[in-house]
Every structure is written in C-alpha cells, then in structure tokens.
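[1] just coords:
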C-alpha cells in the first residue's frame with residue numbers, strides 16, 4: 001500500500017481533476033485530506049478506497065496492492 005498516494009495522484013491527473021474537484025466528487029469536506037493521501041501522510045479508510053475505485057473505474061486491488069499496476 002506504499003504506492004496508494006502515487007496511484008491516486010496519477011488517476012486524479014489522468015482525469016484532469018484538481019484536489020478540490022476530487023474531494024467534492026468523493027464527498028469530502030476538505031481537499032487537504034486528498035493531499036495528505038497523495039503524499040502518504042494519511043491512510044484511506046476502506047470506504048474511501050471503494051469510492052475512489054468506483055469513481056475511477058479501477059479495482060481496489062489496483063489501488064492497494066503495490067505489485068498491481070494501474071491499467
């Protein structure tokens with residue numbers, strides 16, 4: 001799960017989203033939480049991982065497992 005933040009940043013940028021836009025899409029009140037996730041300062045809850053996976057149409061394995069790459 002060390003690469004979660006890196007994968008999240010990659011997905012966000014591929015979809016042309018700002019931190020604030022992603023936070024809004026995930027129904028988060030603060031975009032700073034997204035920044036903390038991307039930099040590894042914070043770990044996501046299981047509910048948030050599922051929301052992110054659904055939003056970007058990737059599997060939770062792709063997000064959480066370092067050995068599984070994004071497609």
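    Structure's in. What do you need? This is a predicted model, so every value here is computed, not measured.
[2] residue boundaries of the helices in the chain?
    For the chain, the helices defined by DSSP state H cover 4-14, 19-25, 32-38, 46-56, 60-64.
[3] need the winner for burial among those helices.
    Comparing the helices of the chain by mean neighbour count (mean count of other Cβ atoms under 10 Å), helix 32-38 ranks first with a mean of 19. For glycine as for every other residue, the C-beta is placed from the backbone atoms N, C-alpha and C.
[4] that one - contacts with which helices or strands?
    helix 4-14, helix 19-25 (3 or more Cβ pairs under 8 Å, 6 or more residues apart in numbering; DSSP states H and E).
[5] could you dump the helices of the chain to JSON lines with mean pLDDT and distance to residue 71?
    Compiled in JSON lines, these are given as follows (pLDDT from 0 to 100; distance: least, Cβ to Cβ, whole Å):
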{"stretch": "helix 4-14", "mean pLDDT": "97", "distance to residue 71": "11"}
{"stretch": "helix 19-25", "mean pLDDT": "97", "distance to residue 71": "20"}
{"stretch": "helix 32-38", "mean pLDDT": "96", "distance to residue 71": "20"}
{"stretch": "helix 46-56", "mean pLDDT": "97", "distance to residue 71": "11"}
{"stretch": "helix 60-64", "mean pLDDT": "96", "distance to residue 71": "7"}
